[in-house]
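1. Below: sequence and its predicted model.
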Amino acid sequence: MKIFKKLSALLLVCLLALSAVGCHKQNEVAITVDGFEFTSAYYMCALINANSEAQNKVSETLTEEETQKEIDFYSKKIDDKDFVTWVEDRAIEIIKEIATYKSLCKKADLKLDDETKANAESYASYYWQSGYSQYFEPNGVGENTYMNFTVDSYYSSLYFEHLYGKDGEKAI
C-alpha cells in the first residue's frame with residue numbers, strides 16, 4: 001500500500017508536468033544547455049527522477065508513525081521550498097549536470113566505450129521492462145528517451161574516472 005501511495009504521488013507530479021509538456025510535438029526541444037538540446041520527454045525523465053528523489057527526502061524526515069499514514073507530498077517542503085517547486089528546480093539541475101558532464105567529456109575528447117554504453121542500455125532496458133514503462137510512457141516518455149537519459153547519466157562517472165581514476169590527471 002505504501003508503494004502505491006508513492007506511485008500515486010509520482011503520477012500526480014507527472015500529470016502536472018505533462019500538462020506543461022504534453023502539448024509539445026514529438027522531439028520538440030524544451031531546454032538547451034551548453035549546446036546540448038533536451039526534448040520535453042527528456043525533461044519529463046528528469047522530472048520523474050526529481051520527484052522520486054523528493055519523495056525520498058520527505059520520507060527520510062517522517063516518523064515511523066507518519067509513514068503508516070497516507071503522505072500528502074504536495075503539502076511538504078524541502079529545503080524551504082514547496083514540494084513541486086523543489087521537483088521542478090531539481091529537474092533543471094539534473095539536466096544541467098548531464099549537460100555539464102557531456103560538455104566536459106567532449107572537451108577532454110572522452111567517449112563512452114561500447115561496453116559501458118551497452119551496460120547502460122542493458123540497465124535501462126531491464127528497468128523499463130520491469131515496470132518503469134508504466135510510469136514513464138503515460139507521461140510521454142518512450143523507451144528510447146529513457147535509454148538516452150540513462151546512458152547520459154554515465155558521463156559523470158566517465159569524467160570522474162578521467163580525473164581521479166588510476167591513470168587520471170589527479171589520480172587518487
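-> Perfect, I can see it now. Numbering: from 1, shown residues only.

2. For the top helix by length along the chain, buried residues please.
-> Counting by DSSP state H, the longest helix found in the chain is helix 83-107. Going by neighbour count (16 or more other Cβ atoms under 10 Å), the buried part of helix 83-107 is 83-84, 86-88, 90-91, 94-105. Placement of C-beta: from N, CA and C, glycine included.

3. give me phi/psi at K111?
-> The phi and psi values for K111, taken as degrees, to the nearest 10, are phi -130, psi 150.

4. residues contacting the nearest residue to it once chain neighbours are set aside?
-> Using Cβ to Cβ, 6 or more residues apart in numbering and skipping residues adjacent in sequence, the residue nearest K111 is C105, 7.2 Å away. Residues counted as contacts of C105 (Cβ atoms under 8 Å, 6 or more residues apart in numbering) are K111, Y155, L158, Y159, H162.

5. low pLDDT regions in this structure?
-> 1-26 (pLDDT under 70).

6. hey, where'd the strands end up in it?
-> Assigned by DSSP state E, the chain shows strands spanning 29-33, 36-39, 77-78, 81-82.

7. Contacts for the last one, please.
-> With contact meaning Cβ under 8 Å, 6+ apart, strand 81-82 is reached by Y74, D89.
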